[in-house]
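# sharing a sequence plus its predicted fold:
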Amino acid sequence: MSNRANFGSKLGVILASAGSAVGLGNIWRFPYEAGNHGGAAFIFIYLGCVLILGLPILIAEFLIGRHSRANTAGAYQKLAPGTHWRWVGRMGVLAGFLILSYYSVVAGWTLEYIFEAATNAFTGKSADDFITSFQQFSASPWRPVVWLVAFLVSTHLIIVKGVEKGIEKSSKIMMPALFIIILILVGCSVTLPGAGAGIEFLLKPDFSKVDGNVFLGAMGQAFFSLSLGMGCLCTYASYFGKDTNLAKTAFSVGVIDTCVAVLAGFIIFPAAFSVGIQPDSGPSLIFITLPNVFQQAFGNVPVLAYVFSVMFYVLLAMAALTSTISLHEVVTAYLHEEFRFSRGKAAKMVTGGCIFLGVFCSLSLGVLKEYTVGGLTIFDLFDFVTAKLMLPLGGLFIALFTGWYLDKKIVWEEITNNGTLKVPLYRLIVFILKYIAPITVSLIFINELGLL
Ligand code: PFF
């Protein structure tokens, strides 16, 4: 495939990969986990997980993708023809398809909240009003579905434009915009009266809260947040040029992803503490607690409450969009390359399939609430099967594949760009992929299944 698409610039490579990593996972999950699990102590452990486990596996995905220059399923077929390794790639494609289906439901909610914030619907609401309106909205049979479709169609329109004009260009616009919005929001939040308590909550290391579970939680978060384990960054790396420095790019992605997560904490906690609200977890944090916090915190200056709320939900929507694009690309590239559908047709199939599954995920929070599997609604089931099972399993196999199966020469050639780059930690990276990553990821996995 000599005319295969490529990213046009190094900045594009970094921003598109960081765009995949930075998403809903950074903005609601990380701050909450950090705040409740020992603040800076959690951040410290999380950083350790990113450096010791996340980055080597990220480099492994990059090298598999760039060497094979194929979609993630095709990559294993090329590098290990006739073996069962191809199932690792296929599982990644399936995970991408399933994650995209339920992730787009929540991503769609961000559009509703941009709309509500922009039409001043938050003004004058009490804490109870925010709870009721979120419950009514998420359980409604059609409104969230409309936003879900809108979000997937927006993702589709970017994907069909291709790698350079679609993915790269949109990341180059959205990622800088996202950083600017974050910095403005952090600036507003930390200068609120009483914000210091929130900063302390996030930054004061409380080692008494650190136990085995916190350590494992931090690893799971690092995985989801860095988009690892399903070949997402492997697919992007298949569009990297020969001169891209894989280790350096992985490091930049890790730094950007972690900075956004920590800065999201600096938006949420100072604002929440300044009005005396204890931050909650999960979707209720961003869709119930925060709109209420913003109203109260900036209530004296309504324009500020308005601008802050709109900007926050635009930030969430953009972060989610750069992630849904990467999930969509994994499946589109697979259908396009493995089954020879045109890129447009492949993208239509992915968008259509995800709308179909996404509707069930969305309805499972309302009219289909009674239909459960093992006590989980369809939405929760998708989340559990992908984030808790498929991603760690994928990560484990990626480390084993690179550490044990793949020819050492290929690993060396890719990481050092044929010996032209000096990578001082090269031996350490290989050692981690061979031993440390498989053992630790197995531990997370066993723990998540409740076997430990
Ligand atoms: N990293 C994204 C987030 O933090 O929201 C989620 C994600 C995107 C996970 C792409 C996996 C993936 F392949």
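Alright, I've got the coordinates.
# got the contact list for G48?
G48 is in contact with A218, counting by Cβ atoms under 8 Å, 6 or more residues apart in numbering. For glycine as for every other residue, the C-beta is placed from the backbone atoms N, C-alpha and C.
# check what pLDDT it gets.
Looking at G48, its pLDDT is 91.
# give me the buried positions along the longest helix along the chain.
Criterion DSSP state H: the longest helix present in the chain is helix 302-339. Across helix 302-339, burial judged by 16 or more other Cβ atoms under 10 Å covers 305-338.
# excluding chain neighbours, what is closest to V350?
V331 (4.6 Å; Cβ to Cβ, 6 or more residues apart in numbering).
# would it be right to say that G82 lies in a strand?
No. G82 is assigned coil when assessed by DSSP: H, G, I helix; E, B strand; the rest coil, not a strand.
# kindly provide the distance from it to M175.
40 Å (Cβ to Cβ, to the nearest Å).
# swap in I43?
Taking Cβ to Cβ, one finds I43 at 22 Å from M175.
# then I159?
17 Å.
# show me what from the protein comes close to the ligand.
Contact residues (Cβ under 6 Å from any ligand atom) of the chain with the ligand: 20-21, 23-26, 96, 99, 224-225, 227, 230, 232, 323, 326-327.
# what average pLDDT does the longest helix of the chain get?
96.
# please enumerate the strands of the stretch 101-250 of the chain.
Counting by DSSP state E, counting those that start in this stretch, the stretch 101-250 of the chain has no strands at all.
# do you have the helices of it handy? List them.
127-139, 143-160, 169-190, 196-203, 212-225, 232-237, 246-274 (DSSP state H, counting those that start in this stretch).
# and the ones you listed, which is most packed in?
helix 232-237 (a mean of 30; mean count of other Cβ atoms under 10 Å).
# show me what that helix is packed against.
helix 10-21, helix 55-68, helix 72-79, helix 86-118, helix 302-339 (3 or more Cβ pairs under 8 Å, 6 or more residues apart in numbering; DSSP states H and E).
# which is the succeeding secondary structure element to the helix or strand of the chain at the bottom of the mean pLDDT ranking?
Within the chain, confidence by mean pLDDT, DSSP states H and E is lowest for helix 282-284 among all helices and strands, at a mean of 69. Sequence-wise, the next helix or strand downstream of helix 282-284 (DSSP states H and E) is helix 290-297.
# got a pLDDT number for V359?
97.
# shouldn't it be in contact with L148?
Yes. When contacts are counted by Cβ atoms under 8 Å, V359 is listed as touching L148 (7.1 Å).
# what's the most distant pair in the residues of the chain next to the ligand?
Across the residues of the chain next to the ligand, the longest distance by Cβ to Cβ is 18.7 Å; it joins N26 and G96.
# higher neighbour count, the two?
Taking other Cβ atoms under 10 Å, N26 and G96 do not tie; G96 has more neighbours (30 against 26).
# residue ranges in the chain under the pLDDT threshold?
The chain contains residues with pLDDT under 70 at 1-3, 280-283, 448, 451-452.
# residue at max distance from the center of it?
No residue in the chain sits farther from the centre than N300, which is 35.0 Å out by Cα atoms, centre = their mean.
# measure that residue to the ligand for me?
34 Å (Cβ to the nearest ligand atom, to the nearest Å).
# next, that residue: secondary structure please.
Assignment for N300 (three-state DSSP): coil.
# and for K242, the neighbour number?
10.
# that one against N417, yeah?
Yes. Here K242 reaches N417: they are 7.0 Å apart, a contact under Cβ under 8 Å.
# and the contacts of stretch 211-221?
Counting by Cβ under 8 Å, 6+ apart, 25, 29-30, 33, 37-38, 41-42, 45-46, 48-49, 53, 387-388, 392, 440-441, 443-444, 447-448 sit against stretch 211-221.
# what of stretch 264-283?
26-32, 34-36, 106, 109, 138, 182, 185-186, 189-190, 192-199, 201-202, 285, 288-290, 292-294, 296-297, 312.
# so what's the nearest residue to Y426 once chain neighbours are set aside up against?
Counting by Cβ to Cβ, 6+ apart, I415 is the residue found nearest to Y426 once chain neighbours are left out, at 6.0 Å. The contact partners of I415, taken as Cβ under 8 Å, 6+ apart, are 59, 63, 246-247, 421, 423, 426, 429.
# what residues of the strand or helix carrying I415 count as buried?
Assigned by DSSP H and E, I415 belongs to helix 408-416. Judged by neighbour count using 16+ other Cβ under 10 Å, the buried positions of helix 408-416 are 411, 414-416.
# ok, so of those residues, who is nearest the ligand?
E414 (20.7 Å; Cβ to the nearest ligand atom).
# now the helix holding I415: how far from the chain's centre is it?
In terms of Cα atoms, centre = their mean, to the nearest Å, the gap separating the centre of helix 408-416 from the centre of its chain is 28 Å.
# and it with helix 246-274, angle?
Here the directions of helix 408-416 and helix 246-274 differ by 60 degrees (axes from the mean of the first three to the mean of the last three Cα atoms, to 10 degrees).
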